[in-house]
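K.L.:
Give me a 3D structure for the following:
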Amino acid sequence: MNKIFLVLVFAGVPLSVIGTLLHWSNIILFGIYCLTIIALAGFMGRATESLAIVAGPRIGGLLNATFGNAVELIISVFALKEGLVGVVLASLTGSVIGNLLLVAGLSFFVGGLKFKRQTYNVFDARHNSGLLMFGVIVAFVIPEVFSMTMDGTKKISFSIGISIILIVLYLAALFFKLVTHRGVYQTTTENEQHAHEEPEWGKGKAITVLAISTVAVAYVSENLVHTFETVGEAFGWTELFIGVVIVAIVGNAAEHASAIIMAYKNKMDIAVEIAVGSTLQVAMFVAPVLVLISLVFAEPMSLVFTLPELISMVTAVLLMIVISNDGESNWFEGATLLAAYLIMGIGFYLL
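P.N.:
Model prediction:
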C-alpha cells in the first residue's frame with residue numbers, strides 16, 4: 001500500500017500541475033486530483049502515526065485528526081471562496097457521519113474480524129459522548145430551530161456567537177484531556193500496548209513530510225474545487241451528494257486509512273480517538289473556523305443545515321454513543337455502523 005501511495009504522489013502531483021496548466025478535461029482532472037489527495041493523505045497518516053508512537057495515543061490521535069481535517073479545511077476554504085456554501089455545509093455533514101459511521105464502522109469491522117473482542121478506554125468514550133452530544137446535537141440543532149424566525153443577517157450573527165463558544169469549549173476540552181487530567185483515566189493495558197513500539201520515521205522527518213504534504217494538498221485542493229460543477233453535471237451528482245460523500249471521503253482519507261490500520265493492529269485507543277476525535281474537531285473547531293473565515297468572502301456561511309443533513313448527523317451521534325459507551329467493539333457493531341452509513345449515502349444520492 002505504501003508503494004502504491006508513493007507512485008501516486010510522484011505521478012499525481014506533476015500530472016495535477018501539467019493538467020491544470022494545459023486545461024485538461026475537468027472529469028479527468030477530478031480523478032487525478034482525488035487520487036493525489038488520497039495518496040498525500042496516506043503520507044500524512046504515516047507521519048502522524050510515527051508522531052503518535054512518540055507522543056502517545058491521545059496526542060497521536062489528535063495529530064492524525066488535525067492533519068486529516070486540515071485537508072478538508074483547505075478544500076472548504078477554496079469552496080467558500082467560490083461561493084459553494086452548500087458544498088461546505090454538506091462536506092461538514094459528510095465528515096461527521098463519515099467519521100462516526102464509515103471510519104469507526106470499518107475500524108470495528110476490520111479489527112473485529114481479526115480479534116473477537118477489542119477494548120478501548122471506556123472513560124474516554126464516555127467523555128467524548130458528552131462532547132458529541134453538545135458539539136453536534138446542541139450546537140447544530142439549536143441554530144436550526146432558532147433560525148426559523150431570523151433573517152439572513154441575524155442567522156450570521158447567531159452563527160458567529162455559537163462558533164466562538166464552540167472554539168473556546170473545544171480548546172478547554174483539549175486542555176482538560178492533555179493537561180489537567182492527562183493520564184488520570186489511562187488504563188494499564190493502554191500504557192503497556194504503546195510502550196515498546198518503534199516509529200517508522202523520526203520526529204524531524206515526520207514533521208517535514210507533514211508540512212510538504214499539506215502544501216501539496218492545498219494546491220491540488222484549490223484546483224479540485226473548480227471541477228465540482230462539471231463533474232456534478234456529467235454524473236448527475238447534486239451539490240449535496242458531492243459535499244456529503246465525495247469531498248468528505250477525499251478530505252478525510254488520512255484518518256480513514258490510519259484508523260483502520262490501527263484497529264487491525266489492535267490499537268483501538270488510537271482508532272477510536274481518530275474517529276471520534278476527528279468528529280469533535282470538525283463540529284467544534286473546523287465548522288466554527290469556516291464560519292469566521294467565510295466573513296471575508298462575498299457569501300458568509302451560517303451554521304444552518306438542511307433537515308436531511310441535520311437528522312443524519314444526530315442519528316450518527318446517537319448510534320455511536322450507544323455502541324461505544326461500553327468500551328468494547330466487535331465486527332457486528334462495525335457492520336451496524338456501516339449499514340447506517342450506506343442507508344444515508346443512498347438517501348443523499350437520490351435527493
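K.L.:
What values do phi and psi take at Gln118?
P.N.:
The phi/psi pair for Gln118 (degrees, to the nearest 10) reads phi -120, psi 150.
K.L.:
How about Ile249?
P.N.:
Residue torsions, per degrees, to the nearest 10, at Ile249 are phi -70, psi -50.
K.L.:
Isn't it up against Ile97?
P.N.:
No - between Ile249 and Ile97 there is no contact under CB atoms under 8 Å: 11.0 Å. (Glycine included, C-beta is placed from N, CA and C.)
K.L.:
burial of the nearest residue in space to Lys155 that is not next to it in sequence, as a residue count?
P.N.:
What sits nearest to Lys155 in space, not counting adjacent residues and going by CB to CB, 6 or more residues apart in numbering, is Ser302, at 4.3 Å. Ser302 has 23 neighbours, counted by other CB atoms under 10 Å.
K.L.:
And for Gly111?
P.N.:
Residues near Gly111, counting by other CB under 10 Å, number 26.
K.L.:
do you know how far it is from Leu132?
P.N.:
Between Gly111 and Leu132 the distance, using CB to CB, to the nearest Å, works out to 21 Å.
K.L.:
repeat for Asp124
P.N.:
12 Å.
K.L.:
Next secondary structure after the lowest-mean-pLDDT helix or strand in the chain?
P.N.:
Of all the helices and strands that make up the chain, helix 188-193 has the lowest average by mean pLDDT, DSSP states H and E, namely a mean of 50. Going down the chain from helix 188-193, the next helix or strand is helix 203-225, by DSSP states H and E.
K.L.:
could you dump that following helix to PDB, C-alpha only?
P.N.:
Output in PDB follows, covering the C-alpha atoms of helix 203-225 (Å, rounded to 0.1, in the frame of the first residue of the first chain):
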ATOM      1  CA  LYS A 203      10.300  13.300  14.600                       C
ATOM      2  CA  GLY A 204      12.100  15.600  12.200                       C
ATOM      3  CA  LYS A 205      11.300  13.600   9.100                       C
ATOM      4  CA  ALA A 206       7.600  13.100  10.100                       C
ATOM      5  CA  ILE A 207       7.100  16.800  10.600                       C
ATOM      6  CA  THR A 208       8.800  17.600   7.300                       C
ATOM      7  CA  VAL A 209       6.600  15.100   5.400                       C
ATOM      8  CA  LEU A 210       3.500  16.600   7.100                       C
ATOM      9  CA  ALA A 211       4.500  20.200   6.100                       C
ATOM     10  CA  ILE A 212       5.300  19.300   2.400                       C
ATOM     11  CA  SER A 213       2.100  17.100   2.100                       C
ATOM     12  CA  THR A 214      -0.100  19.900   3.500                       C
ATOM     13  CA  VAL A 215       1.300  22.400   1.000                       C
ATOM     14  CA  ALA A 216       0.800  20.000  -1.900                       C
ATOM     15  CA  VAL A 217      -2.700  19.200  -0.700                       C
ATOM     16  CA  ALA A 218      -3.500  22.900  -0.600                       C
ATOM     17  CA  TYR A 219      -2.500  23.300  -4.300                       C
ATOM     18  CA  VAL A 220      -4.400  20.300  -5.500                       C
ATOM     19  CA  SER A 221      -7.500  21.100  -3.400                       C
ATOM     20  CA  GLU A 222      -7.800  24.600  -4.900                       C
ATOM     21  CA  ASN A 223      -7.900  23.100  -8.400                       C
ATOM     22  CA  LEU A 224     -10.300  20.200  -7.300                       C
ATOM     23  CA  VAL A 225     -12.900  22.700  -6.300                       C
END
